[in-house]
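Prediction below, plus the sequence it came from.
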Amino acid sequence: MMGLDFSVINWDEFQKATLDTLKMLGASGLFSILIGLPLGIILFMTSRSTSGISRAVYNVLSVIVNILRSVPFIILIVAMIPITKEIVGTAIGVIGTIPPLVVGAAPFFARLVETALREVDRGVIEASQAMGASTGQIIWKVLMPESLPGLLAGMTMTIVTLVSYTAMSGMVGGGGLGALAVNYGYYRYENEVMIIAVIIMIVLVQALQMIGDRLVKHFTRR
């Protein structure tokens, strides 16, 4: 490519940045699922209930989830700087990026969980209730198995979204490939670094999506 010199690229920095991105994805993805899954289940169960208290819980949680989903991530990460410092002791680097990543992704995943659960045949749920199944049994023995392909698709979508979030965090002191692309590709006009960073993120997203699609197909056939 004209005007580009890839021989000047420091591949050690790319290796470290890629590992940092994977660390952020792993940690934030895990916590987003651990928080988003029960939150999505609560949203689904309370939305179906006729109880006034349950409806109130649903309305409050729904508003909170919608607010967090509507805030652009670049604004969210800046707004959370004081909270992030209190939680992990820093607002920069890999560790400082994880709390806002979780806050940004968990509500997103919760809505995907709620949507996946809504697709479960109501007849199956009603049959379980007629047989005397408890709420816990309905959740873990009916809803979870029946909605598993949808849940896996939601997990894949959430983790892929986190890839773009980690890149945006590079603008405000986050680590990983986003920070490398911003610090070298944007501020220093080293287009080679920007191009390689983008290529690595594209490959990462394609790999994650491929794994997710295969898991969804596998459990759909069962």
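All right, it came through fine.

buried sites along the longest helix anywhere in the chain?
Determined from DSSP state H, the single longest helix within the chain is helix 11-48. Judged by neighbour count using 16 or more other Cβ atoms under 10 Å, the buried positions of helix 11-48 are 14, 17-18, 20-21, 23-25, 27-29, 31-33, 35-37, 39-47. Every C-beta, even on glycine, is put in place using the N, C-alpha and C of the backbone.

And for stretch 178-186?
Residues of stretch 178-186 classed as buried by neighbour count (16+ other Cβ under 10 Å): Gly178, Ala179, Leu180, Ala181, Val182, Tyr184, Gly185.

what do you get for stretch 155-173?
Of the residues in stretch 155-173, those scored as buried under the neighbour-count criterion (16+ other Cβ under 10 Å) are 155-163, 165-170, 172-173.

Remind me which helix or strand Val113 belongs to.
Under the criterion of DSSP states H and E, Val113 resides in helix 93-118.

following that helix, which helix or strand comes up?
If you walk from helix 93-118 toward the C-terminus, the next helix or strand you reach (DSSP H and E) is helix 122-130.

which strands and helices sit next to that next one?
Under the contact criterion of 3 or more Cβ pairs under 8 Å, 6 or more residues apart in numbering; DSSP states H and E, helix 122-130 touches helix 135-138.

C-alpha coordinates for the helix it packs on, CSV please?
Written as CSV, here are the backbone C-alpha positions of helix 135-138 (Å, rounded to 0.1, in the frame of the first residue of the first chain):
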residue,chain,number,x,y,z
THR,A,135,-41.0,-21.1,40.2
GLY,A,136,-37.3,-22.2,40.5
GLN,A,137,-38.1,-25.5,38.6
ILE,A,138,-39.9,-23.6,35.8
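
so where's this protein shaky on pLDDT?
Along the chain, segments meeting pLDDT under 70 span 1-5, 221-222.

Quick test: name the residue nearest the centre of it.
To find the centre residue of the chain, average its C-alpha atoms and take the closest one (Cα atoms, centre = their mean): that gives Thr158, at 3.5 Å.

Run through who's touching stretch 49-56.
With Cβ atoms under 8 Å, 6 or more residues apart in numbering as the contact definition, stretch 49-56 has outside contacts at Met45, Thr46, Tyr58.

What residues sit buried inside the helix holding Val113?
Using 16+ other Cβ under 10 Å as the burial criterion, the residues of helix 93-118 that qualify are 93-117.

one step back: next helix or strand past the longest helix of the chain?
Per DSSP H and E, the helix or strand that comes after helix 11-48 is helix 52-70.

what distance separates that next one from the centre of its chain?
What separates the centre of helix 52-70 from the centre of its chain is 19 Å, taken as Cα atoms, centre = their mean, to the nearest Å.

List the buried residues for that helix?
Val57, Tyr58, Leu61, Ser62, Val65, Leu68.
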